[in-house]
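Engineer: coords below, sequence missing:
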C-alpha cells in the first residue's frame with residue numbers, strides 16, 4: 001500500500017500518545033501491553049489492509065493473563081527471571097504496511113528484551 005511514513009506515524013502518535021519516529025521500539029518504548037497492544041495491531045491491520053495472520057503477539061508483548069497475575073510476577077522476581085520479548089521499530093511497521101503483510105524484523109532490528 002502506498003502510504004506516507006508521516007501519515008502512519010501520526011496515526012500511531014494518536015493511538016499511543018507519544019511521538020513516534022523510525023527508531024521507536026514496539027512495544028517496549030510505547031508502554032503498550034496486553035489487549036491494548038493486540039487491538040492496536042488489529043486496528044493498523046484493518047485501517048491499512050495488512051495481513052497480520054502470521055503476527056505472533058506473544059513474541060512482542062505480555063498478554064492480559066501475564067499482566068494481571070500478581071503471583072506470576074512474584075514468582076519471576078524471586079527466581080530472577082523475566083520473560084524475554086522481541087521488538088520491532090516503527091520503521092519496520094511502516095515497511096509491513098507498505099508490503100501489506102506482516103513479516104519478521106531482521107537482525108539487528110529485532111532484539112530480545114527483558115521485560
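Structural biologist: Good, I have the coordinates. Remember, predicted model here, so these are calculated numbers, not experimental data.
Engineer: residue farthest from the centroid of the protein?
Structural biologist: residue 78 (27.4 Å; CA atoms, centre = their mean).
Engineer: On the three-state scheme, that one is what?
Structural biologist: In three-state terms, and counting by DSSP: H, G, I helix; E, B strand; the rest coil, residue 78 is helix.
Engineer: just the strands in the protein please.
Structural biologist: Under the criterion DSSP state E, strands of the chain are mapped to 25-26, 84-86, 88-89, 112-114.
Engineer: Distance-wise, check the closest residue to residue 44 other than its chain neighbours relative to residue 78.
Structural biologist: For residue 44, ignoring the flanking residues on the chain, the nearest one in space by CB to CB, 6 or more residues apart in numbering is residue 50 at 6.3 Å. (Glycine included, C-beta is placed from N, CA and C.) Applying CB to CB, to the nearest Å, the value for residue 50 to residue 78 is 40 Å.
Engineer: before we move on, what about residue 97?
Structural biologist: On the measure of CB to CB, residue 97 and residue 78 end up 41 Å apart.
Engineer: With that, I have no additional questions.
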